[in-house]
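Q: return a 3D structure for these sequence lines:
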Amino acid sequence: MLKKLIRVIKIIKRDCWEIFNKTSPYYVHWFFKSNHIKKYPKKAVAIDIGAHSGRFSWSLKKTKRFSKIFIFEPQLKLINHIKIYFDNKYIINKALSNFTGEKKLKIPFSTNKLLTTRASLDEPINDSKIQESNYQEISVSVSTLDIELSNLAKNEQDISLIKIDAEGEEINILEGAQKTIKKYKPDILIELEYGRYKNKVNKSIKFLEDHNYALIFNNQTYFKFDEIKNLIINNYLISSDFLFSVINE
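A: Down below sits the predicted model:
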């Protein structure tokens, strides 16, 4: 009887969460509205770094184009929520960077509530709307994507997409994923907030350019560092998520 009750509760949570996602920005994100999603082969593999509550992964799952989605999220409370909806063996409770070890994750407060979407390994940034000088610290395990995938996905043939949303840690994650990027040449959907992390965004763009990536934006392709940087500076308030694809070699 208890098992049936638990199952019913999970189903209700799932259905409510799905309704919520259909009204969330992630669900109607330009990435899912565009035809670009159709380029991925059936049974492709995706990686969601900084998954938060898993809404992006859920939207990927709904496309039915991905056979596996590897989910990385350092906040345990969020991981416990994600596990209701995804295969546990593909959910990893770690932060990704360019080193392995332990580090403090800082979760800022906003109007006396923890703003889990802004959790970061980086030092807090003063923000007029968010009290980032006031934050909670939790100790998290840190690894690199290359190390994690050496066991999790060593037999995978097609890692097609990596999504990165890590509040300033993006360049370090890219540096820790160089083997994976060179091997699979996946699309990279990455959050680049120029207003908050100017120097790190410049480094991320340069890294992608050096690895033969071009920016896909409004159905156009941008190749050069300066024009990509200027485009992001002018548009980051509208959308801070940018899609990069390898240029045909």
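Q: okay, now the unreliable bits of this protein?
A: 1-30, 124-133, 153-155, 235-239, 249 (pLDDT under 70).
Q: this protein: strands as residue ranges?
A: 44-49, 66-72, 91-92, 95-96, 101-110, 113-114, 131-143, 159-164, 187-191, 213-217, 220-222, 241-246 (DSSP state E).
Q: most tightly surrounded among these?
A: Using mean count of other Cβ atoms under 10 Å, the stretch among those with the largest mean neighbour count is strand 95-96, at a mean of 27. (C-beta placed from N, C-alpha, C; glycine too.)
Q: and residue 150, which of the strands of the chain is closest to it?
A: strand 131-143 (10.3 Å; Cβ to Cβ).
Q: check the gap between the most centrally placed residue in the chain and residue 112 for me.
A: For the chain, the residue nearest the mean C-alpha position is residue 164 (3.1 Å; Cα atoms, centre = their mean). As defined by Cβ to Cβ, to the nearest Å, residue 164 lies at a distance of 30 Å from residue 112.
Q: residue 36 against residue 216, yeah?
A: Yes: between residue 36 and residue 216 there is a contact at 7.0 Å, judged by Cβ atoms under 8 Å.
Q: so what sits against both of these two?
A: residue 243 (Cβ atoms under 8 Å, 6 or more residues apart in numbering).
Q: name all residues that make contact with residue 34.
A: residue 219.
Q: how about a cut-off of 10 Å?
A: Shown in contact with residue 34 (Cβ atoms under 10 Å, 6 or more residues apart in numbering): 216, 218, 219, 243.
Q: of those, which is the nearest to residue 69?
A: After measuring these against residue 69 - Cβ to Cβ - the closest member comes out as residue 243, at 17.2 Å.
Q: distance across stretch 158-168, terminal residue to terminal residue?
A: 27 Å (Cα to Cα, to the nearest Å).
Q: hang on, the earlier thing: output the strands of the chain as JSON lines; include the columns distance to residue 31.
A: Below are the strands of the chain laid out as JSON lines (distance: least, Cβ to Cβ, whole Å):
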{"stretch": "strand 44-49", "distance to residue 31": "12"}
{"stretch": "strand 66-72", "distance to residue 31": "13"}
{"stretch": "strand 91-92", "distance to residue 31": "22"}
{"stretch": "strand 95-96", "distance to residue 31": "21"}
{"stretch": "strand 101-110", "distance to residue 31": "26"}
{"stretch": "strand 113-114", "distance to residue 31": "27"}
{"stretch": "strand 131-143", "distance to residue 31": "26"}
{"stretch": "strand 159-164", "distance to residue 31": "9"}
{"stretch": "strand 187-191", "distance to residue 31": "6"}
{"stretch": "strand 213-217", "distance to residue 31": "10"}
{"stretch": "strand 220-222", "distance to residue 31": "15"}
{"stretch": "strand 241-246", "distance to residue 31": "7"}
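Q: which of those strands sits closest to residue 120?
A: The nearest among the strands of the chain, by Cβ to Cβ, is strand 101-110 at 5.7 Å.
Q: tell me what angle the closest one forms with strand 131-143.
A: On the basis of axes from the mean of the first three to the mean of the last three Cα atoms, to 10 degrees, strand 101-110 is oriented at 150 degrees to strand 131-143.
Q: now do strand 101-110: which elements does it pack against?
A: Secondary-structure packing of strand 101-110 (3 or more Cβ pairs under 10 Å, 6 or more residues apart in numbering; DSSP states H and E): strand 95-96, strand 131-143.
Q: mind putting those in TSV, distance to residue 172 included?
A: Below are the helices and strands packed on strand 101-110 laid out as TSV (distance: least, Cβ to Cβ, whole Å):
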stretch	distance to residue 172
strand 95-96	8
strand 131-143	9
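Q: closest one to residue 205 among those?
A: Nearest to residue 205, of the helices and strands packed on strand 101-110 and by Cβ to Cβ, is strand 95-96 at 19.1 Å.
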